[in-house]
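**Q** predicted coordinates and the sequence they were generated for:
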Amino acid sequence: MTASGPRLLLGAPIATEMRARLKVEMAAFRRRHGFTPTLAVVFVGRDAPSAVYLQQILRSCRNAGAVGRLVHLPAGETAAHLRREIELLNADPLVSGIIVQMPLPKRIPLSVVIDAIDPAKDIDGLHPRNFGLLALGYEGFLPATAQAAVEILKRSGIALEGRHAVVVGRSNVVGKPAALLLLREHCTVTVCHSRTVDLGAHTRAADIVVVAAGRPGLITGTMLKPGAVVVDVGINMVAEGIVGDVDMASASAVVSAISPVPGGVGPITNAILLQHLLRAARDQVEGPPDRRLRRAPTRHPAGSTT
Ligand code: NAD
């Protein structure tokens, strides 16, 4: 950190660059194939933060030259009907990618969604096939938020190889895949969660801390090593507005770099989702260049034992 505070890892400039390239590639796809890829966004119920996020993703689609199709089901929807809706989207050739907005109503198990989405359209990497590919170091669709958390570090020029990264949170959508991606970048990775004893002892030992717990103020300056780099993935609605999981005031006095909330990981997540949409559309129309499994581009994939 400098006298003026830590370096802020901002998502917007990275996302702007990604979106500009996407727009060009999306237009080229349309010229070549005569249709615009559609992202189907399935939303069940009325959760207010979800509704805000949905508008953002639909706007991102428009800006990138893709079609965003909102499939809004009432709060009382049955799991069977949700599954049928997803199957219809799987069969629709204009729909290249499908995401389902979380949280789902408590009555509907997440497995209904995860099992139903065609892995070729699962652009947020929820399906076991895509998650298995990630774990073994093959190319599949990565969960966009986890990818964004690692991308913001890489694109900000933060060295990762050999460094100790602590991930706080072990969900299948963020924490666990972020840990696997950091392993792929040759970090030494510790994963902490709600049952971790003495969280601060772990985070204080870390060069890099990625926090995805959904608990405002969970990580404070006293829990961080001087000079550490922090990526705050949390999005929490509090009385003052949107905040992350890190107490920015106390953390800023200690760390060398930190991603703010809002303005850090969030903008990159949407741009990555749209990149995945375009890749899914290409694969579906042209077929992947090589139908066999492809290794992810890294010297020692996560599944490597070396
Ligand atoms: P989740 O509720 O599924 O998982 C939270 C994880 O945090 C769990 O593994 C839990 O064990 C851990 N945790 C909870 N309390 C803890 C504590 N006191 N100490 C240590 N670990 C604790 O949430 P999620 O879907 O993984 O999302 C995490 C956060 O990321 C949320 O705030 C969510 O809004 C945010 N999010 C951000 C984006 C983005 O684009 N920036 C996208 C998705 C989710």
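**A** Perfect, I can see it now.

**Q** please report phi then psi for Ile208.
**A** phi -130, psi 130 (degrees, to the nearest 10).

**Q** I'd like to know how far Ala79 sits from Pro93.
**A** Distance of Ala79 to Pro93, computed by C-beta to C-beta, to the nearest Å: 26 Å. C-beta here means a position set from N, CA and C on the backbone, and glycine is covered the same way.

**Q** quick one, which of the two is more surrounded?
**A** Neighbour tally, Ala79 and Pro93, criterion other C-beta atoms under 10 Å: the higher count belongs to Ala79, 17 against 9.

**Q** enumerate every residue touching that one.
**A** Contacts for Ala79 (C-beta atoms under 8 Å, 6 or more residues apart in numbering) come out as Arg107, Ile108, Pro109, Val112.

**Q** can you count the residues close to the last one?
**A** The criterion is other C-beta under 10 Å. On that basis, Val112 has 16 neighbouring residues.

**Q** let's verify it: helix, strand, or coil?
**A** Of the three states, Val112 takes helix under DSSP: H, G, I helix; E, B strand; the rest coil.

**Q** so that it lines up with my notes, have the first residue be 332 from now on.
**A** Okay, using 332 as the starting number, the last item reads as Val443.

**Q** what helices or strands is the lowest-mean-pLDDT helix or strand in the chain leaning on?
**A** In the chain, no helix or strand scores lower on mean pLDDT, DSSP states H and E than helix 379-395, which sits at a mean of 87. Judged by 3 or more C-beta pairs under 8 Å, 6 or more residues apart in numbering; DSSP states H and E, helix 379-395 is in contact with helix 343-364, strand 369-375, strand 398-404, helix 596-617.

**Q** apply 10 Å and report the result again.
**A** When contacts are defined as 3 or more C-beta pairs under 10 Å, 6 or more residues apart in numbering; DSSP states H and E, helix 379-395 sits against helix 343-364, strand 369-375, strand 398-404, strand 567-569, helix 596-617.

**Q** buried residues, the first one. List them.
**A** Spelled out, it's helix 343-364. Using 16 or more other C-beta atoms under 10 Å as the test for burial, helix 343-364 gives Ile345, Ala346, Met349, Arg350, Leu353, Glu356, Met357, Phe360.

**Q** isn't Ala343 up against Val596?
**A** No: using C-beta atoms under 10 Å, Ala343 is not in contact with Val596, being 11.1 Å away.

**Q** near the ligand, which residues of the stretch 532-637 of the chain show up?
**A** Ala543, Ala544, Gly545, Arg546, Leu549, Val564, Gly565, Ile566, Asn567, Val596, Gly597, Thr600 (C-beta under 6 Å from any ligand atom).

**Q** buried subset of those residues, written for PyMOL?
**A** This is the PyMOL syntax for the buried subset of these, where burial follows 16+ other C-beta under 10 Å:
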select buried, resi 543+544+549+564+565+566+567+596+597+600
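
**Q** can you list the residues of the stretch 532-637 of the chain next to the ligand in a markdown table and add pLDDT?
**A** Shown next, in a markdown table, are those (pLDDT from 0 to 100):
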| residue | pLDDT |
| --- | --- |
| Ala543 | 98 |
| Ala544 | 98 |
| Gly545 | 96 |
| Arg546 | 98 |
| Leu549 | 98 |
| Val564 | 97 |
| Gly565 | 96 |
| Ile566 | 93 |
| Asn567 | 93 |
| Val596 | 97 |
| Gly597 | 93 |
| Thr600 | 96 |
